[in-house]
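Peer 1: using only what follows, build the 3D model:
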Amino acid sequence: MGFLDKLFKKNTATNNTVSSSKRVDVEARFERIRSAISGTMSNFFVARDRENNNQVVGVKLCDVDKVEFFESRFKGLNKPSEGEIGSQMNHPSIAKTLEYGLTTKNQPYIVMEFVDGPGLQVLVFEKSEELLRGKRMSLLIQMAEALNYVHKKEFIHRDICPRNYICSQDLNTVKLIDFGLTLPATKHFMQPGNRTGTPLYMAPEIVRRRNTDKRVDIFSFGVTCYHIITFELPWQTSDTTGKAALHHDTAPPTDILELRPDLDKNLAAAIMGAIKANADQRTPDMETMLRQLRQVKRSP
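Peer 2: This is a model prediction of the structure:
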């Protein structure tokens, strides 16, 4: 039985209300509002759902070959699909998974809550200081709460970066998205060799093919916080391939206070502690990180 057959069988057998027991004709059901955006393993578009009162939703169409290749790394481990993982997440700072299943073209699809605002990646790369000033701490705490929830559900997100956080239009709220690379936090899924993620934010133990755990997300979260505050990365490189992550344990990161000397010292310490190359010296868990962020008195 192939991956798609197992996914469809699993969906028809589950009691989870967001799983679809029938194959969906995407073009017939959804009226596209915005053109597709290509991701690592999928395309995403905003649409009106004709079957649900024209509700505006996000629709993710997964690349069959890429998903099957990724899933093949975990044969025999009963890995949950992206849709199954997303459907378990019920948190105000995580975009809701509304439905998942297979299309009439045998593509895995996910229907999700549409967050009508800019991605953090856009704000960072456009260096939107005026928009972010004074709002960063609220956003960082919400981001940390979302990731802490994922960890409490015993998953590792594995792709924490600005691209996977979407803000509201007023930048008062932010939501975590994309569980395409997410894995259960169990020993079988934390073995060396799975070098997936976004290299500029990737923990060195991933690229060095070492055992991993939830602390890979803490590292990526720390780099994300650093980038949001300074509009720079802790390690300067023009390389965005997997080789970029090789810098993360061969050279020290630039101290964030060099770029932002006005930064609250507690916030600076929290971020620098999260991006320690040695996982044993890194912030141990997201509960600790969240507590540190909540102690910061002023927002950059």
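
Peer 1: switch to C-alpha atoms for all contacts and neighbour counts from now on
Peer 2: Will do.

Peer 1: which residues sit against the helix or strand that contains Leu140?
Peer 2: Of the helices and strands defined by DSSP states H and E, Leu140 is found in helix 136-152. Helix 136-152 is touched from outside by 89, 91-94, 156-157, 165, 171-176, 185, 214, 221, 225, 228-229, 286-287, 289-290, 293-294, 298-300, with contacts defined as Cα atoms under 8 Å, 6 or more residues apart in numbering.

Peer 1: which parts of stretch 278-298 are buried?
Peer 2: In terms of neighbour count (16 or more other Cα atoms under 10 Å), stretch 278-298 has its buried residues at 279, 282-283, 286-287, 289-290, 292-293.

Peer 1: span of it from start to end?
Peer 2: 29 Å (Cα to Cα, to the nearest Å).

Peer 1: for the record, mean pLDDT for that stretch?
Peer 2: For stretch 278-298, mean pLDDT is 97.

Peer 1: pull the residues that contact it.
Peer 2: Contacts of stretch 278-298 (Cα under 8 Å, 6+ apart): 137, 140-141, 144-145, 147-148, 151, 205, 214-216, 218-219, 249, 264, 266-267, 270, 273-276.

Peer 1: and if we set it to 6 Å?
Peer 2: With contacts defined as Cα atoms under 6 Å, 6 or more residues apart in numbering, stretch 278-298 is touched by 144, 148, 273-274, 276.

Peer 1: top of the residues you listed by neighbour count?
Peer 2: The residue in the contacts of stretch 278-298 with the most neighbours, by other Cα atoms under 10 Å, is Ala274 (27 neighbours).

Peer 1: residues contacting that residue?
Peer 2: For Ala274, the contact set (Cα under 6 Å, 6+ apart) comprises 218-219, 222, 282-283.

Peer 1: and the buried residues of stretch 278-298 as CSV, adding secondary structure and distance to Arg73?
Peer 2: Below are those laid out as CSV (DSSP: H, G, I helix; E, B strand; the rest coil; distance: Cα to Cα, whole Å):
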residue, secondary structure, distance to Arg73
Ala279, helix, 24
Arg282, coil, 28
Thr283, coil, 29
Met286, helix, 27
Glu287, helix, 30
Met289, helix, 31
Leu290, helix, 32
Gln292, helix, 36
Leu293, helix, 36
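
Peer 1: just the closest of those residues to Met112, please.
Peer 2: Within the buried residues of stretch 278-298, the smallest distance to Met112 is 25.3 Å, found for Met286 (Cα to Cα).

Peer 1: quick one: the strands in this structure?
Peer 2: In order along the chain, the chain carries the following strands (DSSP state E): 30-32, 37-38, 42-49, 55-62, 97-102, 108-113, 155-156, 165-167, 174-176, 183-184.
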